[in-house]
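[1] how would this look folded up:
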Amino acid sequence: MGDRPHAGDVTSVGTSPVHPGMSAASGSAVTGNPATDFSLALLSALVRNGVRDLVVSPGSRSQALALAAAELERSGSARLHVRIDERSGGFLALGLARETGAPAVVVTTSGTATANLHPAVLEAHEAGIPLIIVTGDRPEELRGIRSNQTTQQDGLYASAVHWSDDVDAPTGEPGEADRASALGAAAVRAAVGAETADPGPVHLNIAFREPLSVAVPPLPEPLHGTLPAVAGPAALGRDIVSVDGGRKTVVVAGADAGPAAEEFARDAGFPLLAEVSSGAHFGPNLVVSYRELLHEDAFGGAVERAIVFGHPTLSREVPALLTRDDVEVVVVAPTGAQAYNPGHRARIVGGVRAAETIDVRSPEVRGWVGRWVFASRRIAELAEREADPAAVAPDVEKARSFNPADALAFASAELAAIRAPITRALLAEAVWRYTWPHDRLVLGASRLIRDVDRIVPGKKIAVHANRGLAGIDGTIATATGIALASQAAARGAGTPSGVTRVLLGDLALLHDVGSLLMGAGEARPHVQVIVGNDGGGTIFDGLEVAATASSDAFDRVLYTPQGVDISALAHAYGWHHTVVRTKGELDQALSAPPAGTSIVEVPLPR
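    Next up, the predicted model:
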């Protein structure tokens, strides 16, 4: 929590021309309505400091903010997204910010609307995603007297926000627009971690008195701005360290580790144990079958040091490795006040580099990393056969043969492969195979993300997943935000925009079903949602208690069976829907997704 910023404490980036009725300091139109003038000054300042996306949920107390956002969209200053459900709006903003790296702004009215943002705020806090939450509120005289739609909004998100301010209702005093501009600049700097290297959500709770708004005069031209840079790791007291090759070392890359993990592993000649949502699941040192090898004495048992990037969440084997007394653990955390440290004894650093003494061509280095990589490939070959039992190498000689029996045998084998039933492993492999560098892949917190992590080979593609708290909520909304941002950027650059694919389970879809709604005037991005429908939460079948609990009780409170007609649901929200049951149907659906929004339903056995 921070004190209210003053105009002299911050500097807005960018300027805009002044015209009659405009404040020279803030670029805010002077309408005579304090709520409108303050709102336009604040949102304009956010845009001039690098914000591009505004998400609005309708409401009375926040109407001045909403109308100011509409004018910023009309003038070409910002992209506006409207969602009637604040929880969907919060996760939409999370997806926009996750893809762009810039804070997205969420505007809501007072009351329960503000609480519906809490799940997205928590995920943003744990994942270090910049968000700016702007909530309308009642003025001081209406608080604490049970006034309608009024609750304790100041401090609502507690320590989950990295900075907050409870802003008194604007009154139209001289200099108020300047204070609004300063507040906007401070909010952006706090959200990106410009001084703290600790990006995350911030909260501006703004009181408004009636009259709550008037018409917003047009801006003369678009506003533009530059985002402040994130502070370096020195702001957190973390050093950049050199790592030598004296110990048997592995590099672990968890969620959001980024390509730096792969680059370091390659430079140092260390095996790379990269989760699929790490952004580092590629390269010559990648060890896909790291779970299996960590159980082996010759591999996991021989590890003496682990260098950790990002937030590992997809296996039990990695935390077990990092809590061993005989393993030195170095965690690379250039940003974020919190750092992953399951054993409470890791050395937290701001960055690592390979020591010049390491010779990646030496027999020792090549032998260590080569053993991991080749053993992993052998395990992966077995997993590939499990994923697609019908996938055998085509008999080229029979294909070329003029013998009718050979031709028939070849055709029968091809047909059998096309008609093969879909397993979870086959689904995971197919979605990965059909995703290209210009696409986006979003993995929900379902059983399927672990299937993908276990089997897919290395490929440098953009993968997103909400692994800060690994909740199933908001997956569709997050993916929609990622799609909107990535496809807008591609159009601006004149490059292929691709499709955003979402792989999730049926419960994750149903938990966020409201995010399928896109109202009139809202852009429908190219999104393909692939739902592995096994009728409930089969991820819980892996719990130890599943072997001893009553099956009726287990199904009632954990598996939670469902029989929703997903086709009817899709059509109600205007999404294209198809059901696929064979490998051939799946390949066709993934290779040629329809334009706009679509759902591919894949029935799976429990």
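
[2] and the helix ranked longest in the chain, average pLDDT?
    Scanning the chain for the helix with the most residues, using DSSP state H, yields helix 363-387. Regarding helix 363-387, the rounded mean pLDDT is 88.

[3] got any ranges where the stretch 301-450 of the chain has weak pLDDT?
    Applying pLDDT under 70 to the stretch 301-450 of the chain picks out residues 383-396, 398-399, 406-416.

[4] can you give me the helices in it?
    Assignment of helices within the stretch 301-450 of the chain using DSSP state H, counting those that start in this stretch yields the ranges 317-322, 363-387, 396-400, 404-418, 424-433, 447-455.

[5] Serialize those to CSV and add fields for mean neighbour count and distance to residue 274.
    C-beta here means a position set from N, CA and C on the backbone, and glycine is covered the same way. Formatted as CSV, the entries for the helices of the stretch 301-450 of the chain read as follows, by neighbours: other CB atoms under 10 Å; distance: least, CB to CB, whole Å:
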stretch, mean neighbour count, distance to residue 274
helix 317-322, 19, 11
helix 363-387, 15, 11
helix 396-400, 12, 35
helix 404-418, 13, 30
helix 424-433, 22, 14
helix 447-455, 24, 9
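
[6] angle of the longest helix of the chain against helix 424-433?
    Angular relation of helix 363-387 and helix 424-433 on a 0 to 180 degree scale: 120 degrees, by axes from the mean of the first three to the mean of the last three CA atoms, to 10 degrees.

[7] Could you report the separation of the residue nearest to residue 525 when sequence neighbours are not counted from residue 189?
    The shortest distance from residue 525 to any residue other than its chain neighbours is 3.7 Å, reached at residue 483 (CB to CB, 6 or more residues apart in numbering). To residue 189, residue 483 is 28 Å away according to CB to CB, to the nearest Å.

[8] pLDDT of stretch 191-203, averaged?
    Mean pLDDT, computed over stretch 191-203, is 98.

[9] buried sites along that stretch?
    Taking 16 or more other CB atoms under 10 Å as the neighbour-count basis, stretch 191-203 is seen to contain the buried residues 191, 192, 193, 194, 196, 197, 198, 199, 200, 201, 202, 203.

[10] Out of these, list just those in strands.
    Counting by DSSP state E, the buried residues of stretch 191-203 place 201, 202, 203 in strands.

[11] before we move on, back to that, torsion angles phi and psi at the residue nearest to residue 525?
    phi -70, psi -50 (degrees, to the nearest 10).

[12] same question, residue 198
    Backbone geometry at residue 198, expressed as degrees, to the nearest 10, gives phi -130, psi 70.

[13] contacting residues around the residue nearest to it when sequence neighbours are not counted?
    By the measure of CB to CB, 6+ apart, the closest residue to residue 198 outside its immediate chain neighbours is residue 337, 4.6 Å from it. Taking CB atoms under 8 Å, 6 or more residues apart in numbering as the criterion, residue 337 is in contact with 196, 198, 236.

[14] Export the helices of the stretch 301-450 of the chain as a markdown table, with columns for distance to residue 96.
    As requested, those are exported to a markdown table (distance: least, CB to CB, whole Å):
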| stretch | distance to residue 96 |
| --- | --- |
| helix 317-322 | 30 |
| helix 363-387 | 34 |
| helix 396-400 | 49 |
| helix 404-418 | 39 |
| helix 424-433 | 23 |
| helix 447-455 | 22 |
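
[15] And for residue 296, the neighbour number?
    By the measure other CB atoms under 10 Å, the count of residues near residue 296 is 11.

[16] let me redo that: residue 152
    A total of 11 residues lie near residue 152 under the criterion other CB under 10 Å.

[17] Let me know the secondary structure of it.
    Residue 152 falls in the coil class when you classify it by DSSP: H, G, I helix; E, B strand; the rest coil.

[18] Show the contacting residues for it.
    The neighbourhood of residue 152, defined by CB under 8 Å, 6+ apart, consists of residue 143.

[19] Next up, phi/psi of the nearest residue to residue 286 once chain neighbours are set aside, please.
    Counting by CB to CB, 6+ apart, the nearest residue to residue 286 once its immediate chain neighbours are dropped is residue 458, at 4.2 Å. The phi and psi torsions at residue 458 (degrees, to the nearest 10) take the values phi -70, psi 140.

[20] Ok, residue 553 next?
    Per degrees, to the nearest 10, the residue geometry at residue 553, taken as phi and psi, is phi -70, psi -40.

[21] What distance do you get for the residue nearest to residue 198 to residue 466?
    When distance is defined by CB to CB, residue 337 is 20 Å away from residue 466.

[22] same check, this time on residue 225
    Applying CB to CB, one obtains 28 Å for the distance of residue 225 from residue 466.

[23] who has more neighbours, those two?
    More neighbours surround residue 466 than the other of residue 225 and residue 466, with 30 against 23 (other CB under 10 Å).

[24] ok, residue 81 - contacts?
    With contacts taken as CB under 8 Å, 6+ apart, residue 81 has the following neighbours: 53, 54, 55, 56, 89, 92, 96, 481, 484, 522, 523.

[25] How about residue 489?
    residue 100.

[26] so it sits in a strand?
    No - secondary structure assignment places residue 489 outside any strand; it is helix (three-state DSSP).

[27] Identify each of the strands in the stretch 101-250 of the chain and give its residue range.
    With DSSP state E, counting those that start in this stretch as the definition, the stretch 101-250 of the chain shows strands at residue ranges 104-108, 131-137, 163-167, 201-207, 240-243, 249-253.

[28] looking at these, which is buried most?
    Among the strands of the stretch 101-250 of the chain, ranked by average contacts under mean count of other CB atoms under 10 Å, first place goes to strand 104-108 (a mean of 31).

[29] Next, the angle strand 201-207 makes with that one.
    In terms of direction (the same axes, to 10 degrees), strand 104-108 departs from strand 201-207 by 30 degrees.

[30] Not counting its own residues, what contacts stretch 374-385?
    When contacts are defined by CB under 8 Å, 6+ apart, stretch 374-385 is touched by residues 286-290, 292-293, 299, 391, 425, 429, 454-455, 457.

[31] Do I have it right that residue 505 meets residue 443?
    No - the pair residue 505 and residue 443 does not pass the contact test of CB atoms under 8 Å, sitting 10.7 Å apart.
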